[in-house]
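# Fold the following, please.
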Amino acid sequence: MDRSKINTLYHTIKYLKPIQIYYRLFYFARNCFFKKSFEKELNIKKDETLYWKDTLLNNNSFTEKTKFNFLNIEKDFKQDIDWNFEEFGLLWAFNINYFDFLNQQAIDVKDGIRLIKDYIAKDSLLTVGKASYPISLRGINWVKFLIKNKISDKEIDQYLYNDYQILFYNPEYQFLGNHLLENGFSLLFGAYYFKDELLYKQAVKILKAELKEQVLADGGHFELSPMYHQIMLLRLLDCIQLLQLNVWKEDDLLLFLENTASKMQAWLKEVTFENGDIPMVNDSSYGIAPKTSVLLDYGRYLELKIQQVTLSDSGYRKLKGKDFELFIDVGNVGASYQPAHAHSDTFNFVLHNKNQPIIVDTGTSTYEKNGLRQNERCTASHNTVQIGKQEQTEVWDGFRVAKRAKIIKRIEKPNSVQATHDGYVNLGIFHSRKFAANRDEVKITDIISEDKEVDGVAYFHFHPDIQKIEINENRVNLLNQKIEMVFEGSSIKIEKESYQCAQGYNTTIDAHKICVSFNSKLETSIHL
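Now for the predicted structure:
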């Protein structure tokens, strides 16, 4: 291994928590040297009076007898479903193992039972679905389906109970983050379904610790992906409904979950644009999580209050003018020990005008460890500044982050935000960017050096609907939108290029971006 790779690995590992390293080693040793069976006979009396009401249904991913559609890719297995099918990637394989389709808008109960029975019959062949993460999501979906349809089947219950034994002994402390939180949510569903005290105790332990850790002071989820925030909020709302509808424990868990959900709703409401879209920053994509409006409706149904929050710890800010909304990232990579969904995008921004997206994030179209994912995470794929070929933050191997840009200074006023990051410190350079919002104008000032000449490139990615772009010296006009961008500084050169804008997983569309080369300082005025 060469020195650069060792350096990258060091700067990746040094952020891990000791508990992550311990559990990686513990699970590895246990699985190699101790073949533990997690099967346990179900000898407890299941509560037949449990109740579940579908207030939010999943997308129709199961379409026919053996036909499924996940991540915009359809597959018909014809005769025999392969639950380990990985031809379309691991995420697609995970999705078929989640069993979300049991609770989709249209599914026959007999089809649901048939699919569960088919899965159980092929247990000895299963690989993908035996990991704790798919077990967690599958467990929640099976429990919902079985409760609402009043299904009592010993074979299904025993299999589900065995899955929960696997999860109980294999919580994902090696990953932490949303994985461990999903484990906790699912253990709560399993505990209620089986009235199992051990499952309940572990669920409470995980949920209280991780929600306190993962939900920031301003209500944002600490992995800083609005899409994952929506998913975590959905799961939290489901747990609240489970506890509200089914009285079992008299402790403070329900109140704790309700207060946490109120904060998360408030943050989501703050970052969502008026047209209902979330900014597709970090690992966010269309068609995966429920829309903000749907989640807020769910919260109202559960009679939750939305707390008042001010965007702070998440590093995101929102400035507004007469007709525009400006979403800004002036925060650090999060979470430091679990940055799998982070991008190299410090000082990135998204701009909407008159409820229409103008400058957008390129989004996420794949989780495969390939060149496309690397490109979608890199600095040049975001609306920020790059110096040479240097990345602000070193993203690698699909879900890894090594050296990362850190915010070293931030000044905030009512209509402006100014910050400095050290992502180019090895070049002896600090990048400062100031956002200022007036009634009908956005001003962005970039300084990468005040005492020497340094060349940089600022990127601006336009929404695919913006096609008529006119460049005239230091001006760019978006003709159909009647928006003018004016650039001031030395050695300015503006070039228009094409890029692929993600419209969902495995779906991209041609769009335009401009690359503005400059020396040391650039002032950008966007007249709206």
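# Output the lowest mean pLDDT helix or strand found in this protein.
strand 62-64 (a mean of 89; mean pLDDT, DSSP states H and E).
# hmm, who's touching that strand?
Phe68, Asn69, Glu74, Asp76, Phe101, Gln104, Ile107, Asp111, Leu115 (Cβ atoms under 8 Å, 6 or more residues apart in numbering). (Glycine included, C-beta is placed from N, CA and C.)
# how about the strands in the stretch 101-250 of the chain?
Using DSSP state E, counting those that start in this stretch, no strands are found in the stretch 101-250 of the chain.
# all helices for it, in order.
109-121, 132-148, 154-169, 177-194, 197-214, 226-245 (DSSP state H, counting those that start in this stretch).
# most neighbours per residue, which of those helices?
For the helices of the stretch 101-250 of the chain, ranked by mean neighbour count under the definition mean count of other Cβ atoms under 10 Å, the leader is helix 177-194 at a mean of 25.
# circling back: closest to Lys291 out of the helices of the stretch 101-250 of the chain?
The closest of those to Lys291 is helix 226-245. By Cβ to Cβ, the value is 7.9 Å.
# for the helix or strand following that closest one, which positions count as buried?
Next along the chain after helix 226-245, taking DSSP states H and E as the criterion, comes helix 253-271. Buried positions in helix 253-271, judged by neighbour count with 16 or more other Cβ atoms under 10 Å: 253-254, 257-271.
# orientation of helix 253-271 relative to helix 197-214 in degrees?
30 degrees (axes from the mean of the first three to the mean of the last three Cα atoms, to 10 degrees).
# list the helices and strands helix 253-271 packs on?
helix 197-214, helix 226-245, helix 292-301, strand 316-320 (3 or more Cβ pairs under 8 Å, 6 or more residues apart in numbering; DSSP states H and E).
# and that helix, C-alpha only, in CSV?
What follows is helix 253-271, C-alpha atoms only, in CSV (Å, rounded to 0.1, in the frame of the first residue of the first chain):
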residue,chain,number,x,y,z
LEU,A,253,-40.8,6.8,26.0
LEU,A,254,-43.9,8.1,24.2
LEU,A,255,-43.4,11.6,25.4
PHE,A,256,-39.7,11.5,24.5
LEU,A,257,-40.5,10.3,21.0
GLU,A,258,-43.2,12.9,20.5
ASN,A,259,-40.9,15.8,21.6
THR,A,260,-38.2,14.5,19.3
ALA,A,261,-40.6,14.3,16.4
SER,A,262,-41.8,17.8,17.0
LYS,A,263,-38.2,19.1,16.7
MET,A,264,-37.6,17.1,13.5
GLN,A,265,-40.8,18.3,11.9
ALA,A,266,-39.8,21.9,12.6
TRP,A,267,-36.4,21.5,11.0
LEU,A,268,-37.9,19.8,8.0
LYS,A,269,-40.4,22.6,7.6
GLU,A,270,-37.6,25.2,7.7
VAL,A,271,-35.5,23.6,5.0
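# surely Gly321 meets Arg439?
Yes: if you go by Cβ atoms under 8 Å, Gly321 and Arg439 touch, sitting 5.4 Å apart.
# Mind checking which of the two has more residues around it?
Gly321 (16 against 11; other Cβ atoms under 10 Å).
# Which residue is the nearest non-sequential neighbour of Tyr22?
Ranked by Cβ to Cβ, 6 or more residues apart in numbering and with sequence neighbours excluded, the top spatial neighbour of Tyr22 is Tyr173, at 7.8 Å.
# Quick check: Ala511 is in a helix.
No: read with DSSP: H, G, I helix; E, B strand; the rest coil, Ala511 is strand and lies in no helix.
# burial count for Lys40?
By other Cβ under 10 Å, neighbour count at Lys40 equals 12.
# whoops, I mixed them up, Asn58
Taking other Cβ under 10 Å as the definition, Asn58 ends up with a neighbour count of 19.
# Is Cys515 in a helix, a strand, or coil?
strand.
# From Asn383, how far off is the closest residue to Thr272 other than its chain neighbours?
Among residues not flanking Thr272 along the chain, Thr292 sits closest, at 4.3 Å (Cβ to Cβ, 6+ apart). As judged by Cβ to Cβ, to the nearest Å, Thr292 and Asn383 stand 22 Å apart.
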